[in-house]
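Q: Kindly return the folded structure for what I paste below:
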Amino acid sequence: MLSFPRAALLLGAIALPALPLAAQQADHNAHAGHAMPADPIAAAVAAPSRTPANVARDKYRHPAETLAFFGVAPGQTVVEYAPSGGWYTEILAPLLRDHGTFYALQPTGGYLAGYKAFLAANPAVYDKVKVIAYPEETAQIPAGSVDTLLTFRNVHNMVMGGKEAETFAAFFAALKPGGTLGIVDHRLPEDRDSALEKSSGYLKVSTIRRIAEAAGFEFVAASEVNANPEDTADWEKGVWTLPPVLRNKEVDKDKYLAIGESDRMTLKFRKPVQ
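A: I've put the predicted structure just below:
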């Protein structure tokens with residue numbers, strides 16, 4: 001623990017008067033390396049450790065507004081499920097490094113080794129990220145200990161793989177009563193054929209609500225912060241037609257870049273307080 005400045009400084013035989021207590025505290029805060037910024041989410045979004053390519057996508061992913069909607073704050077225990085290449089890790093890790101706990105619950109497979117290498121390349125920022133392989137190591141996250149669990153553009157993968165029920169059950173077990181589940185995913189209009197959810201990368205809001213509520217969650221609110229009305233969600237090659245994937249490569253590339261990234265739902269759920 002850092003100490004406050006001394007109450008008085010001696011110069012020869014003359015003692016200078018002490019600073020008022022409030023001034024001492026302000027001086028302490030100004031020099032403490034771990035002092036909390038006025039807007040910690042904005043500070044994390046502006047972290048110099050973020051890669052330029054990821055920063056360029058903020059206009060589509062709206063990280064500050066999204067995290068504020070989900071109620072993420074320093075001091076919390078936060079889990080991100082399937083952080084993949086680390087887009088949100090670049091924000092969540094500095095946000096929670098000195099004040100809180102950040103678990104990266106990464107499915108075993110293609111991204112796990114690469115994600116660990118990404119963290120190891122910048123230990124000054126990522127040294128406190130706790131990587132947990134899903135599902136093998138999930139029990140390392142104490143049951144009922146998590147304030148907020150987040151997953152971005154991953155529920156469609158669960159649905160396509162038939163893993164949504166067991167994965168949401170794991171989310172429910174990890175969260176505290178009253179804890180928040182925050183979901184962002186590609187949005188399929190409600191009047192479309194539900195069979196598209198198995199191949200297009202898009203899901204209906206009603207589908208995610210059904211999955212979450214079946215696992216025991218309560219729906220809290222939806223935000224349009226990640227909406228894109230230019231996305232018609234009817235692409236031959238699914239959501240991957242649009243950036244950042246651009247599955248058609250150079251074919252109609254300018255058209256898809258002008259549309260931008262997908263139309264996304266942003267949904268907030270809560271584990272009931274028993």
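Q: Give the next helix or strand downstream of whatever helix or strand Leu105 lives in.
A: With secondary structure defined by DSSP states H and E, Leu105 is part of strand 101-107. The helix or strand immediately downstream of strand 101-107 is helix 110-120, counting by DSSP H and E.
Q: And for that following helix, what's in contact with it?
A: By C-beta atoms under 8 Å, 6 or more residues apart in numbering, the surrounding residues in contact with helix 110-120 are 82-86, 89, 104, 106, 126, 129, 131, 133. Where C-beta positions appear, they are placed from N, C-alpha and C, glycine not excepted.
Q: picking that back up, just checking: what are the partner strands of the strand holding Leu105?
A: Sheet pairing for strand 101-107, assigned by DSSP bridges, gives strand 77-81 (parallel), strand 130-134 (parallel).
Q: avg pLDDT for it?
A: Mean per-residue pLDDT for strand 101-107: 98.
Q: Would you mark the buried spots in stretch 137-154?
A: Neighbour-count burial for stretch 137-154 flags 138, 141, 146-154 (criterion: 16 or more other C-beta atoms under 10 Å).
Q: circling back to that earlier point, any chance of a markdown table for the strands paired with strand 101-107, columns mean neighbour count?
A: Formatted as a markdown table, the strands paired with strand 101-107 follow (neighbours: other C-beta atoms under 10 Å):
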| stretch | mean neighbour count |
| --- | --- |
| strand 77-81 | 25 |
| strand 130-134 | 17 |
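Q: can you redo the ones you listed as JSON lines with distance to Asn228 and mean pLDDT?
A: Output for the strands paired with strand 101-107, formatted as JSON lines (distance: least, C-beta to C-beta, whole Å; pLDDT from 0 to 100):
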{"stretch": "strand 77-81", "distance to Asn228": "22", "mean pLDDT": "98"}
{"stretch": "strand 130-134", "distance to Asn228": "29", "mean pLDDT": "98"}
